[in-house]
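Trainee: could you work out the structure for the sequence below:
(one chain, ligands or ions: 2)
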Amino acid sequence: MTLEELGYTESLATYQKEHHLDSFLVGRVISEHKERYLVRTADSEYDSEIIGNLRFTANSRADFPAVGDWVAISPFNEKDALIHAVFPRKTIIERQAVGKHGEKQIIATNIDYAFIVLAVDRDFSINRIERYLSICYAAKVIPMIILTKIDLIEDSELQSLVAKVRNRITDVPLFTISNESFIGIEEIKKIIQKGKSYCLLGSSGVGKSSLSNILSGKQSMKTDAISTSTNRGKHVTSHRELLILENGGILIDNPGMREVGMTDTSEGLDQTFEQIIALAKECKFKDCTHTSELGCSVLNALEKGELDQSSYENYLKMEREKAHFESTIAEKRKRDKHFGKMMKNFKKDQNKFK
Ligand SMILES: Nc1nc2c(ncn2[C@@H]2O[C@H](COP(=O)(O)OP(=O)(O)OP(=O)(O)O)[C@@H](O)[C@H]2O)c(=O)[nH]1
Ligand SMILES: [Zn+2]
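Mentor: Numbering: from 1, shown residues only. Ligands and ions are numbered 1, 2, ... in the order given. Okay, the predicted model is just below:
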């Protein structure tokens with residue numbers, strides 16, 4: 001396997017040169033388990049750990065490697081290596097960390113395209129598509145929509161669902177498939193590009209595993225576990241979270257990916273709700289909330305039927321969540337700053353008594 005097949009690019013190679021990382025091996029993080037990283041190189045795989053220096057200079061969790069990252073490593077035996085540097089990330093999919101308010105957790109990096117997967121039966125919701133779109137735009141990942149399980153509904157019903165999506169979301173590629181009858185699968189295979197990285201976003205049960213099994217030609221990703229021994233004398237079992245698809249695409253699928261979305265507070269709203277943002281520029285008041293103001297062009301468009309009511313409601317809801325998230329971050333920063341000051345004063349006081 002070559003590094004290019006793993007997604008290595010010209011600009012990464014340039015970075016490697018410019019930062020004098022030529023003496024290191026380069027690899028991509030394909031799974032992470034308790035600060036141990038499985039790194040795939042052109043010829044092998046290494047169970048890796050970051051060097052102390054990288055740990056000390058890390059400002060936050062975001063400075064640690066994540067699945068999808070390109071890293072510079074130095075092996076010290078056949079299976080183990082040290083990570084010396086993390087290459088700059090092209091895209092970052094992240095979410096609010098569980099239980100830690102205002103903190104973000106990186107799910108995966110360097111993904112080029114995301115498939116937003118919805119089933120046409122119970123799961124179907126355009127609000128949810130808009131939510132995932134916002135996540136993609138915030139991550140700088142290019143979105144595409146896949147409707148699955150079309151074998152379960154009549155063709156006329158499918159046409160009306162597609163029309164409903166198109167009414168609100170005009171410019172994102174849309175595919176309709178069945179993992180049972182394989183209708184539409186070829187169309188997906190055709191657009192997947194060699195050396196580009198993909199992920200599947202969507203609720204549980206919509207057919208993500210079925211689709212990734214079909215695209216990778218594997219039976220089950222879950223049985224694809226490997227055992228690696230660590231130099232702490234413990235055995236960890238990790239799953240490969242990065243799969244090479246049959247036509248050369250790279251699919252990143254890790255447990256965290258399944259949690260992106262529903263509880264997430266999203267950025268990227270501007271790109272998702274382009275029409276509303278454009279209208280908002282014409283509002284009479286700069287700080288218009290588009291809820292009751294006179295001279296609000298968003299409300300005007302709604303009244304005239306030029307703007308979709310449910311899209312408008314979904315926008316307001318996601319704006320509120322975003323505001324809430326931003327205020328928790330601000331609060332956390334204030335707390336951290338306060339703590340920093342306290343420590344500084346404490347050290348000053350200690351020095352006085354020396
Ligand atoms: N009829 C029909 N059933 C499907 C299709 N795709 C998946 N299923 C079924 O739906 C169920 C869930 O599919 P999965 O592929 O496991 O869904 P998933 O999105 O990976 O779910 P999680 O692993 O929970 O995230 C399984 O019973 C599949 O057999 C489809 O296109 N048509
Ligand atoms: Zn307004």
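
Trainee: quick one: the helices in the stretch 101-250 of the chain?
Mentor: For the stretch 101-250 of the chain, applying DSSP state H, counting those that start in this stretch gives helices covering 126-139, 155-168, 185-191, 208-216.

Trainee: just the ones you listed: most buried one?
Mentor: helix 126-139 (a mean of 22; mean count of other CB atoms under 10 Å). Glycine gets a C-beta too; all of them are placed from N, C-alpha and C.

Trainee: where does the one residue in the stretch 1-150 of the chain that gets nearest to ligand 1 fall, phi/psi-wise?
Mentor: Using CB to the nearest ligand atom, the closest approach of the stretch 1-150 of the chain to ligand 1 is made by residue 149 at 3.8 Å. Phi and psi for residue 149, reported as degrees, to the nearest 10, are phi 60, psi 30.

Trainee: cool, residue 308 as well?
Mentor: Dihedral angles (degrees, to the nearest 10) for residue 308: phi -70, psi 130.

Trainee: ok, it - contacts?
Mentor: 167, 168 (CB atoms under 8 Å, 6 or more residues apart in numbering).

Trainee: tell me how far it lies from ligand 2.
Mentor: 16 Å (CB to the ion, to the nearest Å).

Trainee: do the same with residue 65
Mentor: Counting by CB to the ion, the gap between residue 65 and ligand 2 amounts to 43 Å.

Trainee: so which bits of the chain are right by ligand 2?
Mentor: 283, 288, 290, 296, 298 (CB under 5 Å from the ion).

Trainee: grab the longest strand from the protein for me.
Mentor: strand 25-33 (DSSP state E).

Trainee: how far does the helix or strand just after that one sit from the chain's center?
Mentor: Sequence order places strand 36-40 as the next helix or strand after strand 25-33, per DSSP states H and E. From the chain centre to the centre of strand 36-40 is a distance of 19 Å (CA atoms, centre = their mean, to the nearest Å).

Trainee: tilt between strand 36-40 and strand 25-33?
Mentor: For strand 36-40 against strand 25-33, the angle by axes from the mean of the first three to the mean of the last three CA atoms, to 10 degrees is 140 degrees.

Trainee: thanks a lot, see you next time.
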